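Visitor: quick one, structure for this:
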Amino acid sequence: MPPSNMTQTDQDQPPAADAPARGGPVVRLIVGLLCGIGLAMALNQVMNLGAFGFRPISTGYYYWIAAAFFPIAFLMLPARAADRYRLPWYDIVLSVLSLAVGVWLALNAEEIITRGWDLQAPALPTLVAAVLVVLSLEGLRRAGGLSLFLICLFFATYPLYAGSMPGVFFGFQFTPEELVRAHALGSESIIGIPMRVVTELLIGFLLFGVALTQFGGGAFFMNLATALMGRYRGGPAKVAILSSGFFGSLSGSVISNVISTGAMTIPTMKRCGYPARYAGAIEACASTGGALMPPVMGVVAFIMANFLNVSYAEVMLAAAAPAVLFYAALLFQADAYAARAGLATLPKEEVPSVWRILLGGWSFLASFVVLIWLIVAERMEGLAPFVATALVVAVGAATTLLKEGPVAMLRQLGGLFFAGGRNIAQLVVLLAGIGLIIGALSITGVGTAFSRELLQYAGQSIVLLLLLGALTSFILGMGMTASACYIFLAIILGPPLEEAGLNPMASHLFILYWGMLSFITPPVALAAVAAAGIAGSSPVATGVVAVRFGLVLFFLPFLFVLNPALILHGTVAEVVLACGTALASVWLFSAGVERWLYGVGRISWPLAVLALAASVTLLIPEHNTDLIGAALVAVLYGAAFLLRRRPASA
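Guide: Numbering: from 1, shown residues only. This is a model prediction of the structure:
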């Protein structure tokens, strides 16, 4: 995929085991070896084995990971579309140079700290630092696209002229030499929070996602969704929603989710009577929600845990209820639309047996159970994905060995290291480049000043502050990846939201949700555009339908910010009441949007408006509004039955 098509993806679609590699088998072997070395170093750190002479989580470790995966990025990610299938000489040079720079920095990590080279350094360390900054920006451009590169370039160089900026944008100014040392040798930029998250936690989860794909996990979850929902009304759409939720919760990549699951679900929906734009919109919304669905949730959840200084399990549990509510809304709408349009289910011969699917994919379910148990019960976020991966690989490799022989098994394992190396390398260079944003805002002091100004502008109005935050998140989400958007706003917007008295976890989830909305909202709507390409529909029309289909996603962030019980922060009674009324609300919301009420059937526009009013009333976190909402529901059903009986009596 050319860099221009990678914008806003946190990780690209994993290549198949037999995908052609740039440079042929030799490069494929180099990528596998470098990935194996990087994984060994990561596992050594997670298990604290003490091998390779590494101390537990040190700056040297971060540089070693960069030395292992930066070369892979330049070997696998082309600088331009014309180089997609060829390996030019300059990519080889950049790969060797990044390896040399990473090794040099890793070997001198202790000296960098003890001598304070991030502040004042000799010529050679300064030169190496400058090279690393340039390599990070170029890797970011290849992994994240031109728009993200330009945004990061602006922030990376901002300290050079921060002293000349007016008002709140004024900050400490640096010389070019001071700036490259702060970025490359300091601990707040290239090897800051994003790099630490990927090296300490995410490598294992990325490998787990690739292992599932390599050994048939994607097909298993697709078949499981088909077996569970295929025989019911609106089955094809429900299969798309569930399968995208399953796959997206592991991959965390919206575009990859659309491409992988949409290639199967969108044609099936069209064949069963769904309009092309509607089929594309369903897949776009479901894939966007997958990046918000535990247990993995993509890159951002791990960065969020680091920002909030909490365990990943806490973020995962807090995100569970909002994600379930979003998918419930999608299922309700798909069902109501199918009922109103009289769409067919999948043919019986295309719906597999649930038990047969479960028996055939027990290892994938077992890996899920092991993953969640180790994260939630044992608090072993770092080790959990490696154990789950080992289970998937052991069962998958043994099955391949018995069915196809040792050659096929070795080819499959080689494909795992190749695909894993490519995925991890893309994320490493992406987050290293994004780290430049954090570094620039930190060393200039602009981030803190902007937060104070925003809080002062909003005054005492929580609603105004949330609206400003939502608008900022949405606009930035159009040009950044979800992780870049979240990191920037966590620095700028997170502190004022917390200072206003809002729940910190809810505030950061609010930022994440609004940053993700650009994937389904025109004019960008990358998920809708990707789905429209598969569906053969207009990207704009698909985006418009996706906004209507995913409209509940616009309201959910406000709800859990104003009512933290929706993120499981509260007493049992408060959580049950909040989740129950929210579920009833999204059900009524779906009825109003699709004009189909359960137990009644098709309803008129006035009744649809009444259903939406009842939905909004139930969402407001006050006890008296719950009573008003219940009364509106009673009026809704009473009026609906009365109007339905009147033509019959006439």
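Visitor: how is this structure carved up into domains?
Guide: The chain breaks down by automatic domain parsing into domains covering 3-194, 564-650.
Visitor: for the ones you listed, which one sits closest to residue 390?
Guide: domain 3-194 (10.3 Å; C-beta to C-beta). Heads up, the C-betas are built off the backbone N, CA and C, glycines and all.
Visitor: in the longest helix along the chain, what counts as buried?
Guide: Criterion DSSP state H: the longest helix present in the chain is helix 406-444. For helix 406-444, burial by neighbour count (16 or more other C-beta atoms under 10 Å) applies to 409, 412-444.
Visitor: dump the domains of the chain into JSON lines; add distance to residue 348, mean pLDDT and mean neighbour count as well.
Guide: Putting these into JSON lines (distance: least, C-beta to C-beta, whole Å; pLDDT from 0 to 100; neighbours: other C-beta atoms under 10 Å) gives the following:
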{"stretch": "domain 3-194", "distance to residue 348": "31", "mean pLDDT": "86", "mean neighbour count": "19"}
{"stretch": "domain 564-650", "distance to residue 348": "25", "mean pLDDT": "84", "mean neighbour count": "17"}
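Visitor: wait, which of these is closest to residue 478?
Guide: Across those, residue 478 has its closest neighbour in domain 3-194 (8.3 Å, C-beta to C-beta).
Visitor: the closest one: how far from the chain's middle?
Guide: Between the centre of domain 3-194 and the centre of its host chain there is 21 Å, according to C-alpha atoms, centre = their mean, to the nearest Å.
Visitor: is it true that residue 554 touches residue 516?
Guide: No - using C-beta atoms under 8 Å, residue 554 is not in contact with residue 516, being 11.0 Å away.
Visitor: the two: which has the busier surroundings?
Guide: residue 516 (28 against 16; other C-beta atoms under 10 Å).
Visitor: which strands or helices does the strand or helix carrying the more buried one pack on?
Guide: Using DSSP states H and E, residue 516 sits within helix 504-516. Counting contacts by 3 or more C-beta pairs under 8 Å, 6 or more residues apart in numbering; DSSP states H and E, helix 504-516 is packed against helix 300-308, helix 312-341, helix 462-477, helix 482-492, helix 494-499, helix 552-562.
Visitor: may I see those helices arranged in a markdown table, with distance to residue 240 as well?
Guide: Converted to a markdown table, the helices and strands packed on helix 504-516 look like this (distance: least, C-beta to C-beta, whole Å):
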| stretch | distance to residue 240 |
| --- | --- |
| helix 300-308 | 23 |
| helix 312-341 | 8 |
| helix 462-477 | 23 |
| helix 482-492 | 21 |
| helix 494-499 | 34 |
| helix 552-562 | 16 |
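Visitor: which of those sits most buried?
Guide: Neighbour counts (mean count of other C-beta atoms under 10 Å) averaged over each of the helices and strands packed on helix 504-516 peak at helix 482-492, with a mean of 26.
Visitor: tell me the angle of it relative to helix 406-444?
Guide: Interaxial angle of helix 482-492 relative to helix 406-444 (axes from the mean of the first three to the mean of the last three C-alpha atoms, to 10 degrees): 30 degrees.
Visitor: tell me the angle the longest helix of the chain makes with helix 300-308.
Guide: Going by the same axes, to 10 degrees, helix 406-444 is angled at 40 degrees with respect to helix 300-308.
Visitor: kindly list the main-chain dihedrals of residue 67?
Guide: Residue 67 adopts backbone torsions of phi -60, psi -30, taken as degrees, to the nearest 10.
Visitor: for the nearest residue to it once chain neighbours are set aside, list the residues it contacts.
Guide: Leaving aside its chain neighbours, residue 67 sits nearest to residue 102 (2.7 Å; criterion: C-beta to C-beta, 6 or more residues apart in numbering). For residue 102, the contact set (C-beta atoms under 8 Å, 6 or more residues apart in numbering) comprises 63-64, 66-68, 70.
Visitor: what's the most distant pair in those?
Guide: Farthest apart among the contacts of residue 102 by C-beta to C-beta are 64 and 70. That separation is 10.9 Å.
Visitor: just the CA trace of stretch 185-193, in CSV.
Guide: C-alpha atoms of stretch 185-193 as CSV (Å, rounded to 0.1, in the frame of the first residue of the first chain):
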residue,chain,number,x,y,z
LEU,A,185,18.7,11.9,23.4
GLY,A,186,16.1,13.1,25.8
SER,A,187,13.4,10.9,27.4
GLU,A,188,10.3,12.9,26.3
SER,A,189,10.3,12.8,22.6
ILE,A,190,11.4,9.9,20.3
ILE,A,191,11.8,7.5,23.2
GLY,A,192,9.0,9.2,25.1
ILE,A,193,5.6,7.8,26.1
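Visitor: between the helices and strands packed on helix 504-516, which one is closest to residue 643.
Guide: Nearest to residue 643 among those is helix 312-341 (16.5 Å), distances taken as C-beta to C-beta.
Visitor: check which element follows the closest one along the chain.
Guide: Taking DSSP H and E, what comes next after helix 312-341 is helix 354-360.
Visitor: following that following helix, which helix or strand shows up next?
Guide: For helix 354-360, the following helix or strand on the C-terminal side (DSSP H and E) is helix 362-376.
Visitor: quick one: mean pLDDT for that next one?
Guide: If you average the pLDDT over helix 362-376, you get 88.
Visitor: can you pull the buried residues of that helix?
Guide: By 16+ other C-beta under 10 Å, the buried positions in helix 362-376 come out as 363-364, 367-368, 370-372, 374-376.
Visitor: tell me the one of those residues nearest residue 344?
Guide: Proximity of those to residue 344 (C-beta to C-beta) peaks at residue 364, which lies at 29.7 Å.
Visitor: now do the contacts for the residue nearest to residue 598 when sequence neighbours are not counted.
Guide: For residue 598, ignoring the flanking residues on the chain, the nearest one in space by C-beta to C-beta, 6+ apart is residue 591 at 7.1 Å. Residues counted as contacts of residue 591 (C-beta under 8 Å, 6+ apart) are 332, 336, 597-598, 603, 608, 611.
Visitor: kindly report the same for residue 306.
Guide: Applying C-beta under 8 Å, 6+ apart to residue 306 gives the contacts 193, 196-197.
Visitor: can I get those residues in JSON lines including secondary structure?
Guide: Below are these laid out as JSON lines (DSSP: H, G, I helix; E, B strand; the rest coil):
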{"residue": "193", "secondary structure": "helix"}
{"residue": "196", "secondary structure": "helix"}
{"residue": "197", "secondary structure": "helix"}
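Visitor: I'd like those residues laid out as TSV, including distance to residue 321.
Guide: Shown next, in TSV, are these (distance: C-beta to C-beta, whole Å):
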residue	distance to residue 321
193	26
196	28
197	24
